[in-house]
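Novice: Using only what follows, build the 3D model:
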Amino acid sequence: MTAEYQVHGAVAVITLNNPPVNGMGLATRTAAVNGIQRALADDAVKAIVITGAGKAFSGGADIKEFNTPQALAEPSLHTFIATAEGSTKPVVAAIHTVCMGGGLELSLGCHYRVTMPGAQIALPEVKLGLLPGAGGTQRLPRVLGLEPALNMIVSGNPVLSEKLPALFDEIFAADADLLPSAVAFAEKIADVRPLPKVRDRKVDYPNHEAFLQFSRNTVKAMSGPFPAPLECVETVAASVTMKFDDGMKFERERFLHLIQTTESKALRHAFFAERIASKVPDVPADTPVRPIKSAAIIGAGTMGGGIAMNFLNAGIPVKLLETRQEALDKGIATIRKNYENTLKKGKLTQEKLDQRMGLLSSTLSYDEIGQADIVVEAVFEEIGVKEAVFRKLDEVMKPGAILATNTSTLDVDKIASFTRRPQDVIGTHFFSPANVMKLLEIVRGKETAKDVLATALALSKKLKKTGVVSGVCDGFIGNRMIEQYSRQAGFLLEEGALPEQIDKAAEKFGFAMGPFRMGDLAGNDIGWAIRKRRYVEKPEISYSRTADLLCEMGRYGQKTGAGWYDYKAGDRKAYPNDEVNAMIVKHSADLGITRRKISDQEIVERLVYALVNEGALILEEGIALRASDIDMVYLTGYGFPLYRGGPMFYADTVGLPNVLAAINKYAKGHEGKAWQPAPLLQKLAATGKNFNS
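Specialist: Got it, this is the predicted structure:
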């Protein structure tokens, strides 16, 4: 049943029933429209109530139908709303818990709206690069007024029902029973005529031109590359300046325009990519998970402390282990300071701070962590150090405890081999700062048990992270790709660019920061340590020596106040350094390279296509399950511009034959052997397919 029909006395009740949020898919729309017609045909029925089963009135369109013929099939959402609005008997929307998107638009088409306090009311379409397309931009201003309606539509954020009294004909008491109250309300207004319609109201706003112009200027300044917020302003403006039917036509036209934009496609891609990332083909959704009621963290440094905060924020007690008391004290002090900074910003209460710190304990002894359900190792990135830790954990941890490593590049299978329980070992690669960054790379070893993987994915949700599964390889998904990006950045320096030009080009493309500012933030010594390991293990891979020369100058980045750029105390701004630039120019001369002018377009193509090409290899080797998982890693962990949808989606929008042609061109240039086109890229380009198809 997707919409149930029942009669209570003289009132027909239509209950939308399409879990989890009563999305208005074709079957639900059809059943509801049939219900209204059935009520109209029954002389004993005097009024109609529409409500939602379970935990929502309706969350809007059914996302499973996005981009399918069902989404537009009749009865469409427009037809459903028109049927309710055109009913000759009063239709009452009985709203509870969640009423968003098309659900709110439906209620605005009803003659009356009643609700309970605490219901979340929103038109969130702007977050998918769209605008409300079923009358929301025309009806909401007629009910709420121009300014509050515009704020809701442009932000897309939910507002509690009790804060929107103008939207409702009645807000019942918190302890009332919604359905009987709604039926009683329907009986009371059953004979009232004419039936009130939102479309018949006027939007009254003195001097609306000035307000709308102010809104355009504000929204334009804040929305950056996204077209939807400004389109929302224009369509809401139509509710004041046009007749209702003309405003509806204009809304439809702008909605159809936005649905075709790359930005909206990118946002919708990211929305679905995040949902599908937690699905692993050979790990069924009903795989039992291990309970995680307590955690231990090995290492109280920057990473260990940040990881501990994630567990504390989720209400999971943490025991922090270090080898020295002073390291423990410093780690705990940093955690407290982080929370106090959040408190100062007004984003945390003193009570919450005390509660979280109360869940934290510390120890210098492995014997005291043995009963934890999960232990996360966050020690120095060196295999010998990891070996010592995992041999010890194997001895002390209770059976069934999950042993997780926060390694960013090392072999998880090798780490698992240091224990007699490789099935319990998994990689949980948090990104720095771990208490802020959304990404959690979950590395599945060849012996990792399915329930351990399922538990890690469930835990990522509890920690409010986006968990993406990776297979075992050097650097997993994110760092393996970023290495190729960084190599190209180095070769660009040798050929004629300087750090500032490369960073500015990357940031203009939309990256949160360019490769050299990123290196300075992460610490250039970290990359140096990885390259030293590479020179021994993979001597065939070439790197620009500029980054090594920089480290030899002692310029490790922000932490030393000097990296590719200079930094001043208390100032994150990067100031170009003449000595560094002179070192780069001299290095080109030492290599016998005549420096040339490099365009921003070439810089961006080389950086981004290096990611794409390596991503194609990762996909082909099965390290990533799907292209959208790679995009999720880059959107949530590496500052790739959201409006471009991630590297693989971006390559699809550029066209894979165009990407391949550029790679073949760069393969003929300086350090051209770094460009071996991935076989998967060649195959897809030749057959007219793309990564996400």
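Novice: Make sure G475 is actually in contact with E483.
Specialist: Yes: G475 lies in contact with E483 (CB atoms under 8 Å); the separation is 6.0 Å. For glycine as for every other residue, the C-beta is placed from the backbone atoms N, C-alpha and C.
Novice: sec struct for P225, please.
Specialist: Following DSSP: H, G, I helix; E, B strand; the rest coil, the label given to P225 is coil.
Novice: same deal with L440?
Specialist: Per three-state DSSP, L440 ends up strand.
Novice: Now do the same contact list for it.
Specialist: Each residue near L440 by CB atoms under 8 Å, 6 or more residues apart in numbering is listed here: 428-431, 460, 463, 465-468.
Novice: before we move on, what about V49?
Specialist: Counted by CB under 8 Å, 6+ apart, V49 has contacts 11-14, 91-94, 179, 182-183, 186.
Novice: what does K573 give?
Specialist: Y567.
Novice: and it, which of the three is it?
Specialist: strand.
Novice: And R596, by the same measure?
Specialist: With three-state DSSP as the criterion, R596 reads coil.
Novice: Wait, it touches G496, no?
Specialist: Yes: with contact defined as CB under 8 Å, R596 and G496 form a contacting pair (4.4 Å).
Novice: Looking at those two, which one has more neighbours?
Specialist: G496 (17 against 10; other CB atoms under 10 Å).
Novice: re earlier: which ones among the contacts of V49 lie within strands?
Specialist: Of the positions in these, 11-14, 91-94 sit in strands, assigned by DSSP state E.
Novice: So which of those residues is the closest to K538?
Specialist: For the ones in strands among the contacts of V49, the residue nearest K538 by CB to CB is A93; the value is 63.7 Å.
Novice: Give me the nearest residue to the closest one, chain neighbours excluded.
Specialist: In this structure, A93 finds its nearest non-sequential neighbour in S107, 3.7 Å apart by CB to CB, 6 or more residues apart in numbering.
Novice: Which of the residues in the helix or strand of the chain with the lowest mean pLDDT are classified as buried?
Specialist: Every helix and strand of the chain was ranked by mean pLDDT, DSSP states H and E. The lowest is helix 524-537, at a mean of 88. Neighbour-count burial for helix 524-537, counted by 16 or more other CB atoms under 10 Å, picks out 524-525, 527-528, 530-531, 533.
Novice: And for stretch 270-284?
Specialist: Quick answer for stretch 270-284 (16+ other CB under 10 Å): 270, 273-274, 277-278, 280, 283.
Novice: what does stretch 155-167 give?
Specialist: Buried-residue list, stretch 155-167, by 16+ other CB under 10 Å: 155-156, 158-159, 161, 164, 167.
Novice: secondary structure class for G554?
Specialist: Per three-state DSSP, G554 ends up coil.
Novice: Next one: the nearest residue to it once chain neighbours are set aside relative to L493, how far apart?
Specialist: Distances taken as CB to CB, 6+ apart put T560 closest to G554, at 6.8 Å, once the chain neighbours are dropped. Using CB to CB, to the nearest Å, one obtains 20 Å as the distance from T560 to L493.
Novice: same deal with P69?
Specialist: The separation that P69 has from L493, given CB to CB, amounts to 51 Å.
Novice: For the two, work out which one has more neighbours and name it.
Specialist: Between P69 and L493, counting by other CB under 10 Å, L493 is the more crowded of the two (30 against 8).
Novice: what's near enough to touch the more buried one?
Specialist: 499, 502, 544, 546, 584, 587-588.
Novice: ok, 7 Å please
Specialist: Contacts here follow CB atoms under 7 Å, 6 or more residues apart in numbering; on that basis L493 touches 544, 546, 584.
Novice: Give me the next element, helix or strand, following the helix or strand harbouring the last one.
Specialist: Put plainly, it is I584. I584 belongs to helix 578-590 when assigned by DSSP states H and E. The first helix or strand that comes after helix 578-590 along the chain, using DSSP H and E, is helix 600-620.
Novice: who's in contact with that following helix?
Specialist: Helix 600-620 is contacted by residues 477, 480-481, 484-485, 488-489, 492, 497, 502, 505-506, 508-509, 515, 624, 627, 630, 647-648, 650-651, 659, 662-663, 666, 677-681 when judged by CB under 7 Å, 6+ apart.
Novice: what do you get for stretch 302-313?
Specialist: 295, 297, 318, 320, 331, 334-335, 338, 356, 359-360, 376, 378, 406, 430, 432-435, 463.
Novice: Could you give me the ChimeraX syntax to select whichever of those are buried?
Specialist: The ChimeraX command for the buried members of the contacts of stretch 302-313 (criterion: 16+ other CB under 10 Å) is given here:
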select :295,297,318,320,331,334,335,338,356,359,360,376,378,406,430,434,435,463
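Novice: Okay, and which of the contacts of stretch 302-313 map to strands?
Specialist: Short answer: those in strands (DSSP E) are 295, 297, 318, 320, 360, 376, 430.
Novice: Export those as CSV, with columns for pLDDT and distance to I383.
Specialist: Below are the ones in strands among the contacts of stretch 302-313 laid out as CSV (pLDDT from 0 to 100; distance: CB to CB, whole Å):
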residue, pLDDT, distance to I383
A295, 98, 24
I297, 98, 20
V318, 98, 26
L320, 98, 23
L360, 98, 29
V376, 98, 17
F430, 96, 19
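Novice: pLDDT wise, what is T241 at?
Specialist: According to the prediction, T241 has pLDDT 95.
Novice: for it, what are its contacts?
Specialist: Contacts of T241 (CB under 7 Å, 6+ apart): none.
Novice: Any figure for the gap between it and V203?
Specialist: For T241, the distance to V203 - CB to CB - is 9 Å.
Novice: Tell me which stretches of the stretch 251-400 of the chain form strands.
Specialist: Per DSSP state E, counting those that start in this stretch, the stretch 251-400 of the chain carries strands over the ranges 295-298, 318-321, 360-363, 374-377.
Novice: The first one: how far from the chain's middle?
Specialist: By that I understand strand 295-298. Strand 295-298 has its average C-alpha position 27 Å from the chain's average C-alpha position, going by CA atoms, centre = their mean, to the nearest Å.
Novice: Could you list which residues are in contact with E170?
Specialist: 114, 185.
Novice: With only the CA atoms kept, save the least confident helix or strand of the chain in CSV.
Specialist: Presented in CSV, the C-alpha positions along helix 524-537 are these (Å, rounded to 0.1, in the frame of the first residue of the first chain):
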residue,chain,number,x,y,z
ASN,A,524,56.3,19.4,3.5
ASP,A,525,58.4,17.0,5.6
ILE,A,526,55.5,14.4,5.4
GLY,A,527,55.7,14.3,1.6
TRP,A,528,59.5,14.2,1.9
ALA,A,529,59.4,11.1,4.1
ILE,A,530,57.1,9.4,1.5
ARG,A,531,59.4,10.3,-1.4
LYS,A,532,62.5,9.0,0.4
ARG,A,533,60.6,5.7,0.8
ARG,A,534,59.6,5.8,-2.9
TYR,A,535,63.2,6.5,-4.1
VAL,A,536,64.2,3.1,-2.6
GLU,A,537,61.0,1.1,-3.3
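Novice: what packs against it?
Specialist: helix 546-552 (3 or more CB pairs under 7 Å, 6 or more residues apart in numbering; DSSP states H and E).
Novice: Now the element after the helix it packs on, going C-ward?
Specialist: Past helix 546-552, the next helix or strand by DSSP H and E is strand 565-568.
Novice: Give me the contact list for that following strand.
Specialist: 499, 520, 558, 561, 574-577.
Novice: residues of it that come out buried?
Specialist: Buried residues in strand 565-568 (16+ other CB under 10 Å): 565-567.
Novice: swap in stretch 505-520?
Specialist: 505-506, 509-511, 513-520.
Novice: Over to stretch 336-346?
Specialist: 338-339, 342.
Novice: Grab the CA positions of it and hand them over as PDB.
Specialist: Taking Å, rounded to 0.1, in the frame of the first residue of the first chain, the C-alpha atoms of stretch 336-346 are listed here in PDB:
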ATOM      1  CA  ARG A 336      39.900  20.600  26.000                       C
ATOM      2  CA  LYS A 337      41.200  23.700  24.200                       C
ATOM      3  CA  ASN A 338      39.500  22.700  20.900                       C
ATOM      4  CA  TYR A 339      36.200  22.300  22.800                       C
ATOM      5  CA  GLU A 340      36.700  25.600  24.600                       C
ATOM      6  CA  ASN A 341      37.200  27.400  21.300                       C
ATOM      7  CA  THR A 342      33.900  25.900  20.000                       C
ATOM      8  CA  LEU A 343      32.300  27.000  23.300                       C
ATOM      9  CA  LYS A 344      33.500  30.600  22.700                       C
ATOM     10  CA  LYS A 345      32.000  30.600  19.200                       C
ATOM     11  CA  GLY A 346      28.700  29.700  20.800                       C
END
